[in-house]
Structure formats: C-alpha cells, structure tokens
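Trainee: please work out how this folds:
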Amino acid sequence: MIKRCSRCNTKNPLYIDYHDHERWVPRFDDQYLFEMLILESFQAGLSRECVLNKRENFRKSYDNFDIEKVCNYDEKKISELMQNPWIIRNKLKIKASVNNAKNFKNIINEFWNFYEYLKTFTNWKVIHETWKTSNKRSDNISKDLQKRWMKFVWSVIIYSYLQAIWVINSHEKECFLS
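Mentor: Reported below is the predicted structural model:
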C-alpha cells in the first residue's frame with residue numbers, strides 16, 4: 001500500500017491523482033500558474049477538495065484559464081458565472097478573478113513571466129516544511145500582490161499556492177513522494 005500525506009483523501013480519486021501527479025510537481029508555465037492562483041483564491045474559506053472537485057467545471061467556465069479571455073470578461077460574463085451551479089458562485093471571488101487576470105498579465109509584461117516574478121521572492125529555492133499555513137515568503141508575496149491591486153491573495157492563500165506549484169514542498173516524511 002502506498003503511503004500518502006495524511007491530508008490526501010484516499011477515497012477521492014481526483015484528490016489522489018492531484019496529490020500523486022500534480023501537487024508539489026514543478027510546473028511554471030503562465031497558464032498553469034494563473035489557473036492555480038485563481039483556484040487557490042476560490043478556495044478561501046473552503047476546502048481544497050471542494051475546489052478540486054469543481055476544477056473541470058472551472059476550466060470550462062473560465063475558458064481553460066486563458067488569461068487574455070479572462071481579462072476581457074465583462075459584466076455579462078460575470079453574471080453568467082454567478083448563475084453557474086457547477087462552480088463556486090461567490091461574486092467577490094468571481095470579480096477578483098477577472099481583476100487578478102489583468103494584474104497577472106501586468107506582472108507577466110513586467111517580468112517576462114509569472115515565475116520570474118515569483119523568483120524575486122524565492123531565489124529559486126524550494127523549501128520543505130509541513131503543517132504550516134504561512135511564512136515570511138508567502139507574507140511578502142501577498143503584500144506585493146495586494147500592492148498590485150490583486151484580491152483574495154492573503155498570505156495563507158499564497159502559501160497554499162506556493163505549495164501547489166512546488167515552491168514549498170509540504171510532503172510529509174512518511175509520504176512516498178517525500
């Protein structure tokens with residue numbers, strides 16, 4: 001039997017697949033980084049599993065997280081998202097996702113890609129720590145993103161985001177991926 005992190009719900013095949021093949025796996029293309037940032041912001045106040053279970057519906061609803069398309073969402077599209085029963089219908093989070101797309105694009109334009117921006121805080125170093133919800137790195141990135149007018153990017157959300165994209169490795173010692 002494979003030993004996974006205790007947070008991984010082994011009764012949910014989506015969660016197992018995410019844990020085993022995606023979470024804490026290095027991947028730094030802008031579309032993926034954007035998708036994960038949006039999903040992590042929707043997770044605020046909810047469980048990872050709740051968002052993960054709706055992920056495919058988010059992809060369909062958000063045009064496969066095409067940054068250009070999301071930047072151009074208008075009130076009609078926001079209203080459409082608010083009526084979509086297959087995603088999380090929180091108006092503040094939906095509006096923040098459109099706002100964040102525009103600011104994400106601005107960061108790409110400034111730094112060439114989003115990972116280059118993140119490297120200004122991480123110096124290419126992956127750290128290993130478990131059972132934390134924030135640290136100085138997530139605090140600093142969160143503060144900077146908020147200065148850039150992003151929403152739903154508090155330190156706890158950014159910490160989870162950094163875990164999702166392999167800037168923080170949080171596999172437990174007993175996990176087969178540790």
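Trainee: which residue ranges of this protein form strands?
Mentor: 127-128, 168-169 (DSSP state E).
Trainee: which one of those strands lies closest to R23?
Mentor: strand 168-169 (9.9 Å; Cβ to Cβ). (Glycine included, C-beta is placed from N, CA and C.)
Trainee: now for that closest one, which elements pack on it?
Mentor: Under the contact criterion of 3 or more Cβ pairs under 8 Å, 6 or more residues apart in numbering; DSSP states H and E, strand 168-169 touches strand 127-128, helix 155-164.
Trainee: got a list of what N90 touches?
Mentor: For N90, the contact set (Cβ atoms under 8 Å, 6 or more residues apart in numbering) comprises F42.
Trainee: tell me how far I107 lies from M36.
Mentor: 14 Å (Cβ to Cβ, to the nearest Å).
Trainee: also M150?
Mentor: Distance from M150 to M36, by Cβ to Cβ: 14 Å.
Trainee: let me know how buried the residue lying closest to N9 once chain neighbours are set aside is, in neighbour terms.
Mentor: Using Cβ to Cβ, 6 or more residues apart in numbering and skipping the chain neighbours, the partner closest in space to N9 is Y15 (4.6 Å). Neighbourhood size, Y15 [other Cβ atoms under 10 Å]: 19.
Trainee: cool, and V70?
Mentor: V70: 22 surrounding residues under other Cβ under 10 Å.
Trainee: how about it, nearest residue that isn't a chain neighbour?
Mentor: A101 (3.9 Å).
Trainee: to E56, which of the strands of the chain lies closest?
Mentor: Of these, the one closest to E56 (Cβ to Cβ) turns out to be strand 168-169, at 25.5 Å.
Trainee: each with direction, which strands does the closest one pair with?
Mentor: Next to strand 168-169 in the sheet, as set by DSSP bridges, lie strand 127-128 (parallel).
Trainee: ok, and what's touching the strand it pairs with?
Mentor: The contact list for strand 127-128 (Cβ under 8 Å, 6+ apart) reads 135, 137, 167-171.
Trainee: L81 versus E75, what's the distance?
Mentor: Taking Cβ to Cβ as the measure, E75 falls 11 Å from L81.
Trainee: comparing those two, which residue is more hemmed in?
Mentor: A direct count of neighbours by other Cβ under 10 Å for E75 and L81 places L81 higher, at 22 against 9.
Trainee: my read: the residue nearest to N9 touches R7, true?
Mentor: No - using Cβ atoms under 8 Å, Y15 makes no contact with R7, being 9.0 Å away.
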